[in-house]
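> Got a predicted model here, sequence first, then my questions.
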Amino acid sequence: VGAVDLLHWRDVKRSGLLFGSVLLLLFSLTQFSVVSVGAYLALATLSASISFRVYKSVLQAVQKTDEGHPFKAYLEMEIALSPEQISKYVDKTQLYVNYTLRELRRLFLVQDLVDSIKFAVLMWLLTYVGAIFNGLTLLLLAVVSMFTMPVVYEKYQTQIDQYLGLVRTQVNSIMGK
């Protein structure tokens, strides 16, 4: 199942599980530190794993079967990244970091006055956004929007396209003046 399928709710169970998990994580981060949330998640996972392992061991003892370790298939799976994969990800990250650094240098050292002014206006607007919302609130809004906007657009595509066309026409007429 791809990311688009999850966001479009093609598989309702998986989309709901992912959406609920991410929301729970983000709401937890609004109340607790990252360290606490990480520790609680690790404890919950470990508790479930230990409980399942003990349950399977007791079941095997009662039924007198020898099924082995319940997580054997997962323990035998290879989870290492190859040097090629690491190199590929590092190279991609390096490209993004270098591009970002060049762009920021260009904007802050005013290579193009218009672009730097646009960037300054954007940063000024972000100060107002930052005064109203914190980063986690914006992240929560982004996650909720990612899971709701595609479905709403699919359902009301003709109406939304019609109104967006009107807005585009108005913006173009204002920009043309």
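Great, that's in hand. Residues are numbered from 1 along each chain as shown.
> and L141, how far is that from I50?
37 Å (C-beta to C-beta, to the nearest Å). Bear in mind the C-beta positions are built from the backbone N, C-alpha and C, glycine included.
> same question, S33
According to C-beta to C-beta, S33 and I50 sit 25 Å apart.
> For Q85, list the residues it contacts.
Under the criterion of C-beta atoms under 8 Å, 6 or more residues apart in numbering, Q85 has no neighbours.
> looking only at pLDDT, what's the mean for the helix or strand that contains it?
Using DSSP states H and E, Q85 maps to helix 83-108. Average pLDDT, helix 83-108: 96.
> Could you tell me which residues within that helix count as buried?
Using 16 or more other C-beta atoms under 10 Å as the test for burial, helix 83-108 gives L107.
> same check, this time on stretch 146-164
F147.
> for stretch 137-148, same thing?
Going by 16+ other C-beta under 10 Å, stretch 137-148 has these buried residues: L140, V143, F147.
> what's the neighbour count on L6?
19 (other C-beta atoms under 10 Å).
> how about low-confidence regions in the chain?
Along the chain, the model assigns pLDDT under 70 to residues 177.
> Which helix or strand lies directly C-terminal to the helix holding Q85?
Following helix 83-108 toward the C-terminus (DSSP H and E): helix 113-132.
> chain center to that next one, what's the gap?
24 Å (C-alpha atoms, centre = their mean, to the nearest Å).
> So which elements touch the helix or strand that it is followed by?
Going down the chain from helix 113-132, the next helix or strand is helix 135-155, by DSSP H and E. Helices and strands touching helix 135-155, by 3 or more C-beta pairs under 8 Å, 6 or more residues apart in numbering; DSSP states H and E, are helix 3-7, helix 12-31.
> want to throw those into a markdown table with distance to L75?
Shown next, in a markdown table, are those (distance: least, C-beta to C-beta, whole Å):
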| stretch | distance to L75 |
| --- | --- |
| helix 3-7 | 28 |
| helix 12-31 | 24 |
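> Out of these, flag the one nearest T93.
Closest to T93 of these is helix 3-7 (C-beta to C-beta; 19.7 Å).
> circling back: tilt between the helix holding Q85 and helix 113-132?
If you take axes from the mean of the first three to the mean of the last three C-alpha atoms, to 10 degrees, helix 83-108 sits at 100 degrees to helix 113-132.
> How about L26, nearest residue that isn't a chain neighbour?
L140 (5.0 Å; C-beta to C-beta, 6 or more residues apart in numbering).
> what residue is smack in the middle of this structure?
In the chain, the residue lying closest to the centroid (C-alpha atoms, centre = their mean) is V143, at 7.0 Å.
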